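Visitor: when you get a sec, could you give me coordinates for this:
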Amino acid sequence: MLRLLVPVNGSEHALDAVRYAAHLFLDRCVSDIVLLNVQGPIEHGRAIAFHSVSALREIGRKQAEAALRKARGILDDAGAHYVTQIEVGPVARTIAQCAAANQCDAIVMGTAGRSLIGTLVAGRLSNRLIRMSAVPVTLVK
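Guide: The predicted structure follows:
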């Protein structure tokens, strides 16, 4: 059976991917799910001039936990076997590296937002991830 990596950022589109993964688990197509939230590096942003690195990391951790909360609820309701991870780094590269490190067989992620900007940003992310990943990437609409 398959082990899936599902990146989540708290968006409804990411939760659609989690629901799809839960369905696959219930259909006995998937044995394990890795929920991943990737926080961008904070060292290069402007906030570092006003806050300590530890304070910014704590804010990032809280944002990650909030993004994972609903996803965990969906998988708990399905009785799925899963683990959660929070990583910091460039999003596409971090997702691909996490899939490899966790020996995942595939990545399932939500599609772009409904706005033109959201579509462009998420489209760039999914295209980069497809090029970087050693495993198949499924986009869920």
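Visitor: where exactly do the strands run in the chain?
Guide: 2-7, 30-39, 82-88, 106-110, 137-140 (DSSP state E).
Visitor: out of these, which comes closest to Ile59?
Guide: Shortest distance between Ile59 and those, using Cβ to Cβ, is found for strand 30-39: 9.3 Å. All C-beta spots, glycine's among them, are computed from the backbone N, C-alpha and C.
Visitor: follow-up on the earlier one: mean neighbour count, mean pLDDT and distance to Leu68 added to the strands of the chain, as a markdown table?
Guide: Converted to a markdown table, the strands of the chain look like this (neighbours: other Cβ atoms under 10 Å; pLDDT from 0 to 100; distance: least, Cβ to Cβ, whole Å):
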| stretch | mean neighbour count | mean pLDDT | distance to Leu68 |
| --- | --- | --- | --- |
| strand 2-7 | 25 | 97 | 10 |
| strand 30-39 | 22 | 96 | 6 |
| strand 82-88 | 16 | 96 | 5 |
| strand 106-110 | 23 | 96 | 14 |
| strand 137-140 | 17 | 94 | 17 |
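Visitor: quick one: the ones you listed as TSV, columns for distance to Arg124 too.
Guide: Conversion of those to TSV gives the following (distance: least, Cβ to Cβ, whole Å):
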stretch	distance to Arg124
strand 2-7	15
strand 30-39	15
strand 82-88	19
strand 106-110	13
strand 137-140	13
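Visitor: could you find the closest non-adjacent residue to Leu129?
Guide: Ala92 (4.5 Å; Cβ to Cβ, 6 or more residues apart in numbering).
Visitor: for that neighbour, give me the pLDDT.
Guide: You'll see Ala92 listed with a pLDDT of 93.
Visitor: give the contact list for Cys29.
Guide: 1-2 (Cβ atoms under 8 Å, 6 or more residues apart in numbering).
Visitor: any idea how far Arg124 is from Phe25?
Guide: The gap separating Arg124 from Phe25 is 29 Å, by Cβ to Cβ, to the nearest Å.
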